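In: Here is the input, now give the coordinates:
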Amino acid sequence: MIIADLKEIAGRTYPARRRTQNLVGGPSPIQATAFAMGNVTLEPNGGQVPWHNQEQEEVYFIVEGTCEMCLGEERQIVSTGQAAFIPPGVFHQLTNIGDTPARMIYVYGPAGDVAHWRQELAGTLPKAGVEAPPLPEGAHPQCTEKPEE
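Out: Numbering: from 1, shown residues only. Sure thing, here's the model as predicted:
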């Protein structure tokens, strides 16, 4: 039996103020071809999965907290116990709007790397309204800052 234990997975911290821990795929001991899965902790007041898209279907499940979910031209508040379906190719963003950390589980399939992780670390994410479609009206701004080295 292969077990991935969040207590033992350091994960990676991203410039948009979140930590991602791969549970299935990436550096996890569990590998699958049909899907990838992970735990994301968004820092209070603005921690974010920035505006991006990918070719896989995806679901975000909010484990705890209150977030603003942007999906294409839609913007909605999602909170503990809710799941949002993200169709392939549609730009999306999740921002913690609460005063405490928010946690979500992502699942996407098929498995494989998603470009936005590398783009965010390199400071090359497509900018909303410039190289990518604009964010929905009233949405929190996209984090595109390159990490300081």
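
In: Run through the helices of this structure in chain order.
Out: Using DSSP state H, the helices of the chain run over residues 115-122.

In: Any idea which residue is closest to the centre of the protein?
Out: V49 (3.9 Å; Cα atoms, centre = their mean).

In: separation between the closest residue in space to it that isn't next to it in sequence and I3?
Out: Spatial nearest neighbour of V49, chain neighbours left out: L94 (4.5 Å); criterion: Cβ to Cβ, 6 or more residues apart in numbering. The C-beta positions use only the backbone N, C-alpha and C, and glycine is treated the same way. Distance from L94 to I3, counting by Cβ to Cβ, to the nearest Å: 27 Å.

In: who has more neighbours, those two?
Out: L94 (28 against 7; other Cβ atoms under 10 Å).

In: for this protein, which spans come out with low pLDDT?
Out: 146-149 (pLDDT under 70).

In: let's see it at 90
Out: Residue ranges of the chain with pLDDT under 90: 112-115, 117, 121, 123, 144-149.

In: Which strand residues bridge the residue lying closest to H116 once chain neighbours are set aside?
Out: Nearest residue to H116, sequence neighbours excluded (Cβ to Cβ, 6+ apart): H52, at 3.6 Å. Note on H52: beta-bridge partners H92, judged by DSSP bridges.
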